[in-house]
Structure formats: structure tokens, C-alpha cells
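got a predicted structure plus its sequence, pasted below:
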Amino acid sequence: MAHRLFEGKEHAASYWRYRISPSDQLMQQVFDFLEKQSAPPFELAVDVGCGSGQGTLLLAKHFASVVGTDVSPAQIEVALQHAAQPNVTYKQCMAEELPLADGSVDLLTAMSAFHWFDRPRFLREAHRVLKPRGCLALLNYTIDMELSYPDCCSDTLNQICKEFYAALQPYRSPHLGQSSINLYREAFESINYPDKQWQECVWDRRTMPLSSFMGLVESFSSYQALLREDPQKAVGLSQDICKRLMSVMDVTSAETEVVVAVKYFYLLASKPQET
């Protein structure tokens, strides 16, 4: 069954504010793979489990039409509020039941969402809607992000981060197992397409305020589970971690910018011409 965890209005708003999307460089790897399978121009891209739509917007300039889908009305509402590109639309629907014609999609993406789907059903649905030579791209990143700050010991910063992640580990959904990367690797092995690619580690570095890094971690399902169970404990943990990081950095403002290194993994697969 699919898992529905990100549907509250406040959580949806925090998704738009704090959740990151793949960099242009990382997305270019997806587009390069697609262009090896079939020549542009491309008609339709669909971003499944789009959340508040940050990743969906990255597709707009590469396709005549882009559709973002999500099961959550609150997430779709936030995405619509920020839908600036005229060729991007959104639909509320289940990932396993897409309102799309057979063989109609050039690129089907799921960015940090596939692990919540009914994975076998979704992969069958992806096969149905993809055009021959159309591509499936499933991307995700891990919680073990690393921080760096000028003239500051990164090892000390990241030890504090590791303590934060470890404190959240007991609240991690059992559905994900020890690491969601195993779910993606299993999916890659199960896809019976000759043209496919697996990448286990791509570091994507970006600069953001420390407060945004904290907000990003707080948007993860494990922190949200702790917040539901014990709000005081969750807020206290986050505040303590932030204060300790600021102390090591020797700064007084959580708006101080840090470099956050995010570890992505992804699978790419192209539906064969004849199936």
C-alpha cells in the first residue's frame, strides 16, 4: 500500500519553504539520459509525488507540458500557489493510478517520493504511461547531510549533525527500513529494461542559512513523527542542536549561511521500443 504522511497544511507549507530539489547539474544527468534514448523536442513530463512542486518546476523549460501529481490536497494547493510557468499544471491523484493515456509520457519522475508508493504497482503504472523510449527517473537523497563553514572544524559540526540524525532514527518509518536506498536498488534490479542506470552517490552542495538546514531536517518524516508524539521534546531537540552548531561556528544568528552537502542517489530507465 502507499503511505500518506505529508498531507497537513503546515507540513505542506514547510515543504515549499525548506525542501530542496535536485540541482541543475544533477537534473542535466537525467536529461542527458533521456536524450540518448530519443531526440527532442519532448512533449510531456510528469512529476509524481510532486509535493509543493519545487522539482516539478525544474522540468518546465525542457518540455512542452509538465504535470505534477500528488495524493495530498494540501501539497497541491501550495504547488498551485507557486505555479509560475504556464506549461505546468497539477493534479491530485494516487501515484499508482495516474490519469494519463497509455504511452503518452516522455519523462516520468519521482523526486524523494518513490519510497512512499506501492512500488510494484507504481512501476507497472510507469510502464503503462511511458512512451516507447520514454524514461523513468527516480531520485532521492539521504538524511546524513554534511555541513561546512569557513574557519570551522567540519568534523565537529558533522558530529553534532550525526547526533541529530541518530536522535530521529527511532522515529523513522519501519516501511523505509534501515535505509531507503535499498528500496531504490531493489526497484532498479526489478525493472526489466535493457537501458537503465544506477548511481549510488552524487554529492550536491548548496549554500543556505543554518535555519533553513534545520527546517529541512524538521520536514523529514522522522522529525514529524517525533513532533506528533512529543512536541516539547521535538522542539527542544531542534533548538539544542541549532545552538550547539552556532556555538561551534562562533556565530549568534541562525541566518548565518552554511554549505550543506546532500548525498543523492538515483535510477534511470528507458522503456524499450518494443515491449
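Sure, I can see it.

so Thr69 belongs to a strand, correct?
Yes. Secondary structure of Thr69, determined by DSSP: H, G, I helix; E, B strand; the rest coil: located in a strand.

which stretches of the stretch 51-200 of the chain form helices?
With DSSP state H, counting those that start in this stretch, the ranges of helices along the stretch 51-200 of the chain come out as 54-57, 73-81, 119-129, 154-168, 181-190.

kindly export the last one (C-alpha atoms) in CSV.
Taking C-alpha atoms only, helix 181-190 is exported to CSV below (Å, rounded to 0.1, in the frame of the first residue of the first chain):
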residue,chain,number,x,y,z
ILE,A,181,18.4,3.3,-0.8
ASN,A,182,17.7,-0.4,-0.5
LEU,A,183,14.2,0.2,-1.9
TYR,A,184,15.5,2.0,-4.9
ARG,A,185,18.2,-0.6,-5.5
GLU,A,186,15.6,-3.3,-5.4
ALA,A,187,13.5,-1.4,-7.9
PHE,A,188,16.4,-0.9,-10.2
GLU,A,189,17.1,-4.7,-10.2
SER,A,190,13.4,-5.5,-10.8
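
torsion angles phi and psi at the residue nearest the centre of the chain?
By C-alpha atoms, centre = their mean, the mean C-alpha position of the chain lies nearest to Ser112, the distance being 2.6 Å. Main-chain dihedrals, Ser112, degrees, to the nearest 10: phi 60, psi 40.

once you drop chain neighbours, what's closest to it?
Once flanking residues are discounted, Ser112 sits nearest to Asn140: 5.0 Å by C-beta to C-beta, 6 or more residues apart in numbering. Bear in mind the C-beta positions are built from the backbone N, C-alpha and C, glycine included.

how close does that neighbour get to Lys243?
Distance of Asn140 to Lys243, given as C-beta to C-beta, to the nearest Å: 30 Å.

how about Gln232?
Per C-beta to C-beta, Gln232 is found 16 Å from Lys243.

in a helix, that's where Ser238 is, yeah?
Yes. Assignment of Ser238 by three-state DSSP places it within a helix.

ok, it - contacts?
By C-beta atoms under 8 Å, 6 or more residues apart in numbering, the contact set of Ser238 is 214, 217-218, 223.

what residues sit buried inside the strand or helix carrying Arg228?
If you go by DSSP states H and E, Arg228 is part of helix 221-229. Burial within helix 221-229, assessed by neighbour count using 16 or more other C-beta atoms under 10 Å, is assigned to 221-227.

what count of nearby residues applies to Val46?
Applying other C-beta atoms under 10 Å, we find 26 residues neighbouring Val46.

can I assume it is in contact with Ala95?
No. When contacts are counted by C-beta atoms under 8 Å, Val46 is not listed as touching Ala95 (10.3 Å).

where does this protein have low pLDDT?
Scanning the chain for pLDDT under 70 picks out the ranges 1-17, 275.

50 instead?
Applying pLDDT under 50 to the chain flags residues 1, 3-8.

wait, which of the buried residues of helix 221-229 is closest to Gln25?
Closest approach to Gln25 among the buried residues of helix 221-229 (C-beta to C-beta): Ser221, at 27.0 Å.

thinking again about what came up before, which one of Gln232 and Lys243 has more residues nearby?
Ranked by neighbour count (other C-beta under 10 Å), Gln232 and Lys243 place Lys243 first, with 12 against 8.

which SSE is the more buried one in?
Assigned by DSSP H and E, Lys243 belongs to helix 231-249.

and the gap between Ser212 and Ser221?
Here the criterion is C-beta to C-beta. By it, Ser212 lies 18 Å from Ser221.

quick one: which of the contacts of Ser238 has the most company?
Neighbour counts for those (other C-beta under 10 Å) peak at Tyr223, which has 23 neighbours.

who's in contact with the closest residue to it other than its chain neighbours?
Excluding the flanking residues, the one nearest Tyr223 by C-beta to C-beta, 6+ apart is Leu168, at 5.5 Å. By C-beta under 8 Å, 6+ apart, the residues touching Leu168 are 143, 217, 220, 222-223, 226.

same list, the residues you listed, but as JSON lines with distance to Ser270 please.
Output for the contacts of Leu168, formatted as JSON lines (distance: C-beta to C-beta, whole Å):
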{"residue": "Ile143", "distance to Ser270": "30"}
{"residue": "Val217", "distance to Ser270": "35"}
{"residue": "Phe220", "distance to Ser270": "31"}
{"residue": "Ser222", "distance to Ser270": "34"}
{"residue": "Tyr223", "distance to Ser270": "36"}
{"residue": "Leu226", "distance to Ser270": "40"}
